[in-house]
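Colleague: generate coordinates for the sequence data below:
(one chain, ligands or ions: 1)
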Amino acid sequence: MAAMASARRLFSLHHRALARPLAAAAATIAVATPHRRGKHDTVTCKATGKTKAKAKAGNKGGERLQRRPLEERLKRRTRPAAAFDAGLYGRHGHAHHVPVLLGEVLAAFRRPRPLHSFVDCTLGAAGHSLAMMEAHLEMELFVGMDIDPTALEIGRGHIEAFLAGREANGGENDALMDTLRAYTHVRNFKYIKQVLGSVDESVAVGSSGVDDILIDLGMSSMQVNRSNRGFSVLQDGPLDMRMDPKATLRAEDILNSWPELEIGRILRDYGEESNWQFLQKQIVKAREMGGHSTGDLVKLIQRKCTISKGRQGWIKTATRVFQALRIAVNDELRVLEDSLHSSFDCLATGGRLAVISFHSLEDRIVKKTFLELIHGGEADDEEDDEDDLALPDIDDEDEPWFNQRVQGRNGIVLTKRPITPSQEEEKLNQRCRSAKLRVIQKA
Ligand SMILES: C[S@@+](CC[C@H](N)C(=O)[O-])C[C@H]1O[C@@H](n2cnc3c(N)ncnc32)[C@H](O)[C@@H]1O
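Modeller: Model (predicted):
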């Protein structure tokens, strides 16, 4: 029964709940449970802290993309114009995790006006958060969330150490410093409204909202590298893959008890695996042998793919199968879509939401939802926005790489094309290669 309930949940994806205004949502919520360490759930500290109106072309979407030569498609990706700052990565990257697109995230949130409040929905090892605190001495409210208590504990430790160090050494910056209230919460970011309501009544009840919000999707290196989480294709571990250790559904439940057709569906829709029908059959057949580890699953994929595709083939297939399972276990796509709406609701006027995604399914949702948010309605997923929207190219000295924007009545998509990592960053951190950053600003 549990498996069937999960299956129903899986296939009810994309039926997004209506986004409600922040005040209304907060009024219905019990106080969110803050992350607690000893008696403290708050760290309060002085912290040093060319207009081209194009006619809509008839030939749209996937067909057009497939025909477009690779070189031309790559040019459509935006690389940052700003110089790569190796020192920044040196200061905020470490063994737990190297933050991705760090310079670009800082640039996305850099404006002439002061930044008072910042929410990091995916705290992880706090690389992005610390860089933001370092760059914004004027920050007054920081909220960091992570669904994974182990990750949050590490991130919280880094923030505490950073703020203590700044307090000890920050005498000369006293004039710039403001009192920073910093909170961390073990919470799924889909509950952003509840969390903000519990830490700051004025954000929840008033119309002020927060200045900036970051969502850095996926897993951190510390999660992938721990074999007991079951995320890694290359290490044997339990078939778990839960981001939230208290959640009930594990990858093993899906593989061992979901109906065959539903296994095929997730391999096709969440793994984008072309050989999904064959693999679906093999997985169901293997149930009788009772495999219980990621190693067993990888061996099955290896046996079926090695002859035809070699090592690269089975690794790529296994990566797609793992992606499909992880998305299903954590309901990642629906959570993402809902959370983009909730996060946008939480922004102040002029506030920005930046999202880093790591695969095309996520990026497609971010792109489509951003357009829905600024236009206040449904966006056509298949539509090529280049042809759809009349856009001024902006030559902005402060934000040179936000040079193509999409204006709507509720806001602006600042990145018509996603920002991708520089070549220097790709050399430093291979994991960043698939990253895409999109940024939206509320009107
Ligand atoms: C790529 S890491 C973030 C790394 C972080 N930006 C840094 O610089 O260290 C993604 C984090 O998001 C967390 N996460 C994933 N899904 C989440 C969700 N729905 N709600 C809250 N946190 C989530 C993961 O546990 C992980 O720690």
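Colleague: pretty sure residue 372 sits against residue 378.
Modeller: Yes. Counting by C-beta atoms under 8 Å, residue 378 is a contact partner of residue 372 at 6.1 Å. The C-beta positions use only the backbone N, C-alpha and C, and glycine is treated the same way.
Colleague: spell out which parts of the stretch 1-150 of the chain neighbour the ligand.
Modeller: Neighbours of the ligand within the stretch 1-150 of the chain, by C-beta under 6 Å from any ligand atom: 97, 99, 121-122, 124-128, 145-148.
Colleague: narrow those residues to those in strands?
Modeller: 145-146 (DSSP state E).
Colleague: can you tell me which of the residues of the stretch 1-150 of the chain next to the ligand are in helices?
Modeller: Among these, the ones falling in helices (DSSP state H) are 127-128.
Colleague: if we can go back for a sec, more crowded one of residue 372 and residue 378?
Modeller: Using other C-beta atoms under 10 Å, the more surrounded residue of residue 372 and residue 378 is residue 372, with 22 against 9.
Colleague: how much space separates that one from residue 366?
Modeller: Separation of residue 372 from residue 366 (C-beta to C-beta, to the nearest Å) stands at 11 Å.
Colleague: again with residue 167
Modeller: 37 Å.
Colleague: just residue 341 next, same as before
Modeller: With distances taken as C-beta to C-beta, residue 341 is found 12 Å from residue 366.
Colleague: what residues does the stretch 251-400 of the chain have near the ligand?
Modeller: So the stretch 251-400 of the chain meets the ligand at residue 335 (C-beta under 6 Å from any ligand atom).
Colleague: any low-confidence regions in the stretch 251-400 of the chain?
Modeller: Scanning the stretch 251-400 of the chain for pLDDT under 70 picks out 306-312, 379-400.
Colleague: what does the stretch 1-150 of the chain give?
Modeller: Applying pLDDT under 70 to the stretch 1-150 of the chain flags residues 1-82.
Colleague: which ones are touching the most centrally placed residue in the chain?
Modeller: Central residue of the chain (C-alpha atoms, centre = their mean): residue 217, 2.2 Å from the mean position. Shown in contact with residue 217 (C-beta atoms under 8 Å, 6 or more residues apart in numbering): 122, 332, 336, 355-358, 362.
Colleague: so which elements touch the longest helix anywhere in the chain?
Modeller: The residue-count maximum for a helix in the chain (DSSP H) belongs to helix 294-330. Packing contacts for helix 294-330, counted by 3 or more C-beta pairs under 8 Å, 6 or more residues apart in numbering; DSSP states H and E, involve helix 251-257, helix 260-269, helix 276-286.
Colleague: for residue 420, find the nearest of these.
Modeller: When the helices and strands packed on helix 294-330 are compared by C-beta to C-beta, helix 260-269 sits nearest residue 420, at 24.8 Å.
Colleague: doesn't residue 355 belong to a strand?
Modeller: Yes. Under DSSP: H, G, I helix; E, B strand; the rest coil, residue 355 falls within a strand.
Colleague: what number of residues lie near it?
Modeller: The burial count for residue 355: 29, using other C-beta under 10 Å.
Colleague: verify the stated contact: it with residue 418.
Modeller: No. Counting by C-beta under 8 Å, residue 355 sits too far from residue 418 to count as a contact (9.4 Å).
Colleague: what do the two both touch?
Modeller: Common neighbours of residue 355 and residue 418, using C-beta under 8 Å, 6+ apart, are 437-438.
Colleague: neighbour-wise, which of residue 341 and residue 366 wins?
Modeller: residue 366 (26 against 18).
Colleague: which element is the more buried one on?
Modeller: In this structure, residue 366 sits in helix 360-375 according to DSSP states H and E.
Colleague: tilt between that helix and helix 294-330?
Modeller: Helix 360-375 and helix 294-330 meet at an angle of 10 degrees, taking axes from the mean of the first three to the mean of the last three C-alpha atoms, to 10 degrees as the criterion.
Colleague: quick one: buried residues of helix 360-375?
Modeller: Residues of helix 360-375 classed as buried under the neighbour-count rule (16 or more other C-beta atoms under 10 Å) are 361-363, 365-375.
Colleague: distance to residue 314 added to those, as TSV?
Modeller: Converted to TSV, the buried residues of helix 360-375 look like this (distance: C-beta to C-beta, whole Å):
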residue	distance to residue 314
361	22
362	24
363	26
365	28
366	30
367	31
368	32
369	34
370	36
371	38
372	38
373	40
374	42
375	43
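Colleague: between these, which sits nearest the ligand?
Modeller: residue 362 (10.9 Å; C-beta to the nearest ligand atom).
Colleague: excluding sequence neighbours, find me the nearest residue to the closest one.
Modeller: residue 217 (5.6 Å; C-beta to C-beta, 6 or more residues apart in numbering).
Colleague: now that neighbour: how far from the ligand?
Modeller: Per C-beta to the nearest ligand atom, to the nearest Å, residue 217 is found 6 Å from the ligand.
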